[in-house]
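[1] need coordinates for the below:
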Amino acid sequence: MKRMPEKTIAITLAKIAEYWDAILAVIVGLFGGGLAYLGEVKNGSRKWDFAAFMLSVTSAGFFAFVTYMICTDLFQWTPGLSVACSGMVAHLGAEKVKQLLTEFFMRKLR
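    Numbers count the residues shown, from 1 in each chain. I've put the predicted structure just below:
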């Protein structure tokens with residue numbers, strides 16, 4: 001039996017609604033990464049390169065998703081606060097996050 005397109009759309013929208021906060025965290029992360037890269041280009045610390053821009057945006061989206069999952073599952077934060085934290089981490093960028101995490105773990109190991 002063939003499924004009606006309306007039913008498929010309704011099922012898809014229901015699944016999107018179920019994961020909306022995580023999707024929003026990734027979207028916010030993508031914007032945060034893009035803005036961070038463009039800010040570096042504007043202040044002269046980086047030259048424009050489309051491939052580097054895409055890498056920055058993509059890694060920011062990944063960091064935003066991971067941060068969202070950590071905030072909601074580990075810290076039990078609200079979805080809204082977790083999305084906000086995800087955007088901030090994505091705006092920091094991969095190198096800064098790596099530096100902060102390295103410093104954190106080095107302090108814990110001493």
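
[2] measure how buried the closest residue in space to Ala22 that isn't next to it in sequence is and give me the count.
    Closest residue to Ala22 apart from its sequence neighbours, by CB to CB, 6 or more residues apart in numbering: Tyr68 at 5.7 Å. Just so you know, the C-beta spots here come from the backbone N, C-alpha and C atoms, and that holds for glycine as well. Counted with other CB atoms under 10 Å, residues neighbouring Tyr68 total 28.

[3] and Tyr68, what does it touch?
    Tyr68 makes contact with 21-22, 25-26, 82-83, 85-86 under the criterion CB atoms under 8 Å, 6 or more residues apart in numbering.

[4] rerun at 7 Å
    Contact analysis of Tyr68 by CB atoms under 7 Å, 6 or more residues apart in numbering lists 22, 25, 82-83, 86.

[5] cool, Cys71 as well?
    Residues counted as contacts of Cys71 (CB under 7 Å, 6+ apart) are 77, 81-82, 85.

[6] try it again with 8 Å
    Counting by CB under 8 Å, 6+ apart, the residues that Cys71 touches are 77, 81-82, 85-86.
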